[in-house]
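S.K.: Quick check, what structure comes out for this input:
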Amino acid sequence: MHFCFGAPECSPGAYRTLHNPYRSVDFDSAELQDTAIQDVICDHSLPPGWYRFIINSTQAEMPTSCVEMNRCGTQAPVWLALGDVSLPALGELRRFSACATWQFSQSTSKDCCLFRIPISVRNCGHFLLYFLQPTQGCMGYCAQVVSDFTPKACRPGEVEVNGVCTAVPPSLSSRPVVRTELKGNGVYLRCSYTAVRDINTHTHGYVVVWSRYTSSNSRVEIRRDSTTQLYVHAQLGGAHFSLGHTFSCSVAVYVLNSASVQSAFRESVGFFAGIKFVPDVLHIREDATEHTLAVHSTVPITCSEPKQHCTLELTLSTHEPDGLMLPVPNVALSSCHVELESCVCEERVCEGGVCEEGVCEDGVCARGVVTLTAVTDFTRDGNRASELRVKPSDTAPLLWREHTPVTLKVMVQDVPTSSCYSLTDPHVLTLDGRRFENQHRGTFVLYKSTSRVFEVHVRQWDCGSRHYPASCTCGVAAREDNDLVTFDMCNGQLRETRPQLSIKTLGLESSSRVKIHETHHGKKVTMVFASGAFVRADVSDWGMSVTLRAPSRDFSHTRGLCGTFDKNIHNDFQGPDGTVYHHGNLDLFIHAWRVAAGESLFDRAPPAERQQETTRYCACRNAYSSSACLSDDHVDFTSLFPSRDATAEYTQGSKVTHVGSGGTSYTGAGKKWRRSAHSVLHPVHSVLHPVHSVHRLSSMDVERFAYFFPYDHLSSSSSSTDPSFPGASWPTPSGLTSSKALELCRSALVNSTLGSACRGLVGRRMEDAVDLCILDLQIKDDLEWERELLPFLENECERRWLEGRASAVGVSEFGGTEVETALRCPDLCNGKGRCVEWGCQCDSGHSHYDCSLAITQPVELTDVENSGLCDIRAFSCDTVRVFGLGFIDSPKLVCLITKLTRVNEEWISGDERRTEASFLSSKAVDCAVPRLSSMASDSVDFLSDQQPYARWEIKVSNDGSVFSNRKVFTLYDGVCQQCSRSGDCKLKDRVCVIDGVCVADGDASVSSVCLMCNSTESTHSWSLNGENLPPSFLAPQSVLHSFIGEDFVYQLEARDPEGSDVSFLLEAGPSAASLSRSGLITLRVTTPETLTFSFTITDECHAHSTHSLQVSVRPCVCMNGGSCVSDVSRPAGSGEHVCVCPPGFHGDLCQDGTDFCRSGPCVSGVCVNQRDGFTCVCPDGLTEINSTCSKPWYKSNA
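M.R.: Residues are numbered from 1 along each chain as shown. Okay, the predicted model is just below:
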């Protein structure tokens, strides 16, 4: 700042005058640019220098506010930017910046200061001079006429008031601050500011102007106060100071008694009063990420009691911006209610930020937190916006009830979902839509997430065909986090077994989050996981087709046979190490995902994962009374199939017990499978394809498996079949032609009720299903396979319907109601029932999920397992598997068991009993067999008469009244008997019948291993075991040691080859030694000589062996009278010891003496160490009292 009352530039001739009237801010230059472009003002060539403005012979000055474009005779008008500084006073020189206004053609708003030009301004008293620079382009300096020009004759810091120069009070040195404050039960805005320092020592007052920001971010004055205090209050409430607005205060300083003389206003930062979200805009993705959302109040919460901890309850709700209630919400919250907890503010004032440790900071006086996530909806709904609204509760104070907080806009980015299929024999459709054939047998990784714990394994067995080998899926196992589910029929026999389901929870999890949904009487079973992923099995007699749904959180994070799920089919064949295989190397790709025997989820439960606390979510669309959410609305589990929640049947007692850190063994729920008498190694086509041998397994190997699955142990070449089926051709061996196959498949799929309803939705997948159906018929040469692709169309139709439900296309164009009906009621209940909400309601006399079976039609039995024979020594004969045609999964399904008795060479029917029938398939059931009395009591008769142990007649009924034809089931003792299917039995050679019990030659007695059956000596009594071997001694692995003074204790070990119990007897040894019958040696060691023990080991059959054992003795090395004791941390017989030191000594060997005088306990006396302590030698007048030198008590009292 410079002061010069006689500045040379103010003299006439020292400056130039700019008097072009076009420079006026009132002149519109738009027309000038169109008609006289040469007259447009461009100051880019203006010489630097001092200039004065004259407009139409009238004094003018540069405008000090933004000028619109196309004014002042130019496109880019230049105006003077003062900022917080005023124009110079008399003689004063000040430097400023001039701003040029400009708007780019693509922009929707102008920039008032796109270019800056330095300018100096001199106050010459009666006019202002400007030192101008040439502009950067075609810009022009603006001027505006000064209507009431007054000479600027006052000194700096003064203004003219009524012709008198009066000192202008200084402006505030800093911005005023707005904050909130509690006063009584009221809430106030407080505008505070600092006092000014005035060299003129005037007394000042303050003008405070309250403003409220409008929606266009402009300010409206709502109140003006004058005060001499350094703060002003304004109570919140009413029309002007309602919550939900931003307020500011502007403060000017004036001189008392001269209110018209005041400084420039200084404005505070805007202060929002109310409730707001932090952040105020949220962008999220459908990837299951949890987002923490804070709800802040910048206003204190009042309480009825002053010392009470104040809270305010808010209700949260989600909405669609257009007001539509879409079928699936976009976002979900951890709670539909949030409680704002007030901060304990210093001086009851909120200023500064987040409440932490009882302090209010950052303008936040209360806060609450809620967790938000995008809903995994399996819908292609694009990027959608949602609104999150908050409303104070009806019990809140009036100030809050009148407040409508600002809505939070949440933008949710749609992330793809997909499904993977493994169909029939099996045809695999990857997540990205690529198809290949997997004709391998064994266990494979179908799906593995690389971003979380989710993995699915499948097992494939030989499901055979009439002419060619074929593989089908027989089991699926899936793990998500600490939930493990298996759905498996691989431990049974093809076309005889039914899948068994087991749910297990790893680690210390309290409960499983898996849901089991059964549809169509168990023909369709869906295992739904907490993430929204599901594994669905469509069950048939030959195995199952598997559908796997991948949630959006796994997009670009998958591996396995299902591919990479990244919308790129070219990298689907990717191995575990990242190698991408070409279609020609398909076998290598499949083999890369093969799971080694004993390592799959079927056999071994992996270690538990450390789980974070699970957050439950609510959609918060309607009123929700609970303070915490108990739902899982963050995932949409909608399904069009009617289902029964069967979860509870499989989750009771389903814990898994840990085994070290390497994994777990199965010990919980899950139904125990019954081993079939048939060998799973014999495929249907065994005549053409011989059985391959498996690796020899030890008993330790077998313990690693839940059951023995032979295809896990075959070589890679033996576990696969040629996917191209080189021998398959048209017509098939049965005469089926390709055209006939096409006709059958189109009739079964395209022209079905489902095909008609879903054709528009599934698109090209319909033709894919027909192609796969034709391939199945060619390979199997069996017309039963023509409908096996219908489940694929069902699942694909449901998936497409769910994807499109957010738009009109998914519901109206493709007939939403028709699709729902077709999926809910297959084949429209075959005209034998009515389609209701939960499926087919069958007419009387019909049953099944599609009402296709007549209950009254008798069943035809064709066979009984193992030719109707069951060895009671080899198998549990409590149930028998019966094969036939027409079994129905009916609640009245029952078996009729009749006991047969042989009388006069004829079998006579006796007692009959109805027993439980377990439905397996339309071709197999398991019938419970009544228990007989103990074997010992009945065995004499059946052995002497050479009759079977028992014989039953079996019939089956679907309705409990009309029974099938009969089949016979024979129980026999396979140790002693040989039986034919006719029921005739005879005793085997080389057996013994002792006390009514049949024993094979060479078998030992259960009561004594010394007795055995020797049919050459006697067939009715026990013989001595002449081949009994003596016990063997298990010698210690290293030399035994002891030490002098030890109470030596050592356990000897021996083993008998026949497993008999053994006993020990000491034959010779130290005089004080003892040896128990169980082999425990005890002795107090007193001499340094080596100890020698001789002893005999005898088994139950009196076979014995003699052995000797030596123990070397070490000296005790403890010093200063220390004692040696055994080191319990070392094994028995090691001779290792530790020293127990006497008082006054320490150290490993008691080698160090203890300095009891180190702490100076005698104070004024002399401390003398003793063996077990110290003594004090005290000076005259003191005596030793309590181990220190003190005055006697009588002297102290004197």
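
S.K.: contacts, neighbours, all on C-alpha from now
M.R.: Fine.

S.K.: Show me the strands in the stretch 751-900 of the chain, by range?
M.R.: Using DSSP state E, counting those that start in this stretch, the strands of the stretch 751-900 of the chain run over residues 833-836, 839-842, 846-847, 853-854, 860-864, 869-871, 879-885, 894-903.

S.K.: Tell me the bridge partners for residue 545.
M.R.: Listed by DSSP bridges, the beta-bridge partners for residue 545 are residue 538.

S.K.: What's the local residue count around it?
M.R.: 28 (other Cα atoms under 10 Å).

S.K.: cool, and residue 49?
M.R.: Neighbourhood size, residue 49 [other Cα under 10 Å]: 16.

S.K.: Pull the contacting residues for it.
M.R.: Residues in contact with residue 49 (Cα atoms under 8 Å, 6 or more residues apart in numbering) are 15-16, 130-133.

S.K.: cutoff 7 Å now
M.R.: Taking Cα atoms under 7 Å, 6 or more residues apart in numbering, we find residue 49 in contact with 131-132.

S.K.: likewise residue 477?
M.R.: By Cα under 7 Å, 6+ apart, the neighbours of residue 477 are 456-458, 485-487, 601-602.

S.K.: please redo it, this time with the cut-off set to 8 Å
M.R.: The contact partners of residue 477, taken as Cα under 8 Å, 6+ apart, are 456-458, 484-488, 601-602.

S.K.: Could you dump those into JSON lines with pLDDT and distance to residue 798 added?
M.R.: Shown next, in JSON lines, are the contacts of residue 477 (pLDDT from 0 to 100; distance: Cα to Cα, whole Å):
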{"residue": "456", "pLDDT": "98", "distance to residue 798": "22"}
{"residue": "457", "pLDDT": "98", "distance to residue 798": "24"}
{"residue": "458", "pLDDT": "98", "distance to residue 798": "23"}
{"residue": "484", "pLDDT": "95", "distance to residue 798": "26"}
{"residue": "485", "pLDDT": "96", "distance to residue 798": "23"}
{"residue": "486", "pLDDT": "96", "distance to residue 798": "24"}
{"residue": "487", "pLDDT": "96", "distance to residue 798": "22"}
{"residue": "488", "pLDDT": "95", "distance to residue 798": "25"}
{"residue": "601", "pLDDT": "96", "distance to residue 798": "29"}
{"residue": "602", "pLDDT": "96", "distance to residue 798": "29"}
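
S.K.: nearest to residue 593, of the strands of the stretch 751-900 of the chain?
M.R.: Closest of these to residue 593 is strand 879-885, at 35.6 Å (criterion: Cα to Cα).

S.K.: Tell me the buried residues in the closest one?
M.R.: 879-884 (16 or more other Cα atoms under 10 Å).

S.K.: tilt between that strand and strand 860-864?
M.R.: 140 degrees (axes from the mean of the first three to the mean of the last three Cα atoms, to 10 degrees).

S.K.: Can you give the distance from strand 879-885 to the centre of its chain?
M.R.: 44 Å (Cα atoms, centre = their mean, to the nearest Å).

S.K.: next one: stretch 138-149
M.R.: In terms of Cα atoms, centre = their mean, the centre of stretch 138-149 is set 69 Å apart from its chain centre.

S.K.: low-confidence ranges in the stretch 101-250 of the chain?
M.R.: Along the stretch 101-250 of the chain, the parts satisfying pLDDT under 70 run over 105-106, 147-166, 198-202.

S.K.: which residues does residue 297 bridge with?
M.R.: Applying DSSP bridges, one finds that residue 297 bridges with residue 275, residue 366.

S.K.: Okay, and which of the contacts of residue 477 map to strands?
M.R.: Counted as lying in strands by DSSP state E, out of those, are 456-458, 484-488.

S.K.: quick revisit: if we only consider the buried residues of strand 879-885, which is nearest to residue 761?
M.R.: residue 884 (38.9 Å).

S.K.: so who does the spatially closest residue to that closest one that is not a sequence neighbour touch?
M.R.: Spatial nearest neighbour of residue 884, chain neighbours left out: residue 861 (4.1 Å); criterion: Cα to Cα, 6 or more residues apart in numbering. Residues near residue 861 by Cα under 8 Å, 6+ apart: 882-885, 955-956, 964-967.

S.K.: how about these in CSV, adding pLDDT and distance to residue 467?
M.R.: Shown next, in CSV, are these (pLDDT from 0 to 100; distance: Cα to Cα, whole Å):
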residue, pLDDT, distance to residue 467
882, 92, 26
883, 90, 23
884, 89, 23
885, 86, 23
955, 96, 34
956, 96, 33
964, 93, 32
965, 94, 32
966, 93, 32
967, 93, 30
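
S.K.: JSON lines please, covering the residues you listed and showing distance to residue 1168.
M.R.: Formatted as JSON lines, these follow (distance: Cα to Cα, whole Å):
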{"residue": "882", "distance to residue 1168": "99"}
{"residue": "883", "distance to residue 1168": "101"}
{"residue": "884", "distance to residue 1168": "104"}
{"residue": "885", "distance to residue 1168": "106"}
{"residue": "955", "distance to residue 1168": "105"}
{"residue": "956", "distance to residue 1168": "103"}
{"residue": "964", "distance to residue 1168": "109"}
{"residue": "965", "distance to residue 1168": "110"}
{"residue": "966", "distance to residue 1168": "108"}
{"residue": "967", "distance to residue 1168": "105"}
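
S.K.: Residue 377: which of those is nearest?
M.R.: residue 885 (43.0 Å).

S.K.: State the distance from the residue nearest to residue 884 to residue 929.
M.R.: Here residue 861 is placed at a distance of 17 Å from residue 929 (Cα to Cα, to the nearest Å).

S.K.: same question, residue 1064
M.R.: When residue 1064 is compared with residue 929 (using Cα to Cα), they lie 50 Å apart.

S.K.: Do I have it right that residue 48 meets residue 133?
M.R.: Yes: using Cα atoms under 8 Å, residue 48 makes contact with residue 133 at a distance of 4.8 Å.

S.K.: Compare neighbour counts for the two and give me the winner.
M.R.: Legend: neighbour count by other Cα under 10 Å for residue 48 and residue 133, higher for residue 133 (19 against 10).

S.K.: Report the contact partners of that one.
M.R.: Applying Cα under 8 Å, 6+ apart, the residues near residue 133 are 46-49, 117-119.

S.K.: run the last query once more with 7 Å
M.R.: Counting by Cα under 7 Å, 6+ apart, residue 133 makes contact with 46-48.

S.K.: need those residues in TSV with pLDDT, secondary structure and distance to residue 1078, can you?
M.R.: Formatted as TSV, the contacts of residue 133 follow (pLDDT from 0 to 100; DSSP: H, G, I helix; E, B strand; the rest coil; distance: Cα to Cα, whole Å):
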residue	pLDDT	secondary structure	distance to residue 1078
46	92	coil	120
47	93	coil	120
48	94	coil	118
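
S.K.: Pretty sure residue 484 sits against residue 505.
M.R.: Yes: counting by Cα atoms under 7 Å, residue 484 does reach residue 505; the two are 6.2 Å apart.
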